[in-house]
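**Q** What follows is a protein structure lacking sequence information:
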């Protein structure tokens, strides 16, 4: 049986009385656990916690990059993210712009996965380019070539 809830706040007593509902909610989104005479606590999955840490780390890097005035944004970001050097200058500029936009969207919507996805996508693209993928032109066949059935 799967318990799902959209509740975002629980009383601390519900942890012992109905822990399955509290934990199910915390697996899908952060929940606040209120306590009598104490500050509320936030319960979230380790995945969400890592995503928030990654966003803060990226934010610190982005602030350092954007407050520097030497070189272009792409050049400054390449210094912090050396994998960007595998990209063409045009792609470096596109990457820098997209990462800034994704960070703004993540902060505005409180969705850290937006910047994480953009960062991962660009990094994997740079790794593929560095490995030589995508630099060879594709050779397409101009005519149909019959292919037989595999033998059993």
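**A** Now that the structure is in, tell me what you want to look at. Small disclaimer: the values here were computed from a predicted structure and weren't measured. Numbering: from 1, shown residues only.
**Q** and for stretch 61-80, what are the contacting residues?
**A** With contacts defined as Cβ atoms under 8 Å, 6 or more residues apart in numbering, stretch 61-80 is touched by 81, 84-85, 89, 92-93, 95-97, 99-100, 103. From N, CA and C alone the C-beta is placed, and that goes for glycine too.
**Q** What's the ChimeraX syntax to select whichever of those are buried?
**A** To isolate the buried members of the contacts of stretch 61-80 in ChimeraX, using 16 or more other Cβ atoms under 10 Å:
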select :81,84,92,93,95,96,99,100,103
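**Q** Out of the contacts of stretch 61-80, which is nearest to residue 25?
**A** Proximity of the contacts of stretch 61-80 to residue 25 (Cβ to Cβ) peaks at residue 103, which lies at 27.6 Å.
**Q** which of the contacts of stretch 61-80 lies closest to residue 149?
**A** Nearest member of these to residue 149, counting by Cβ to Cβ, is residue 95, at 45.3 Å.
**Q** And the pLDDT at that closest one?
**A** In this prediction, residue 95 carries a pLDDT score of 96.
**Q** pLDDT-wise, which helix or strand of the protein ranks last?
**A** Sorting the helices and strands of the chain by mean pLDDT, DSSP states H and E puts helix 13-17 at the bottom, at a mean of 85.
**Q** Show me the contacts of stretch 61-80 that map onto helices.
**A** Of those, the ones assigned to helices by DSSP state H are 89, 92-93, 95-97, 99-100, 103.
**Q** Quick check: the gap between residue 35 and residue 29.
**A** In this view, residue 35 and residue 29 are 20 Å apart by Cβ to Cβ, to the nearest Å.
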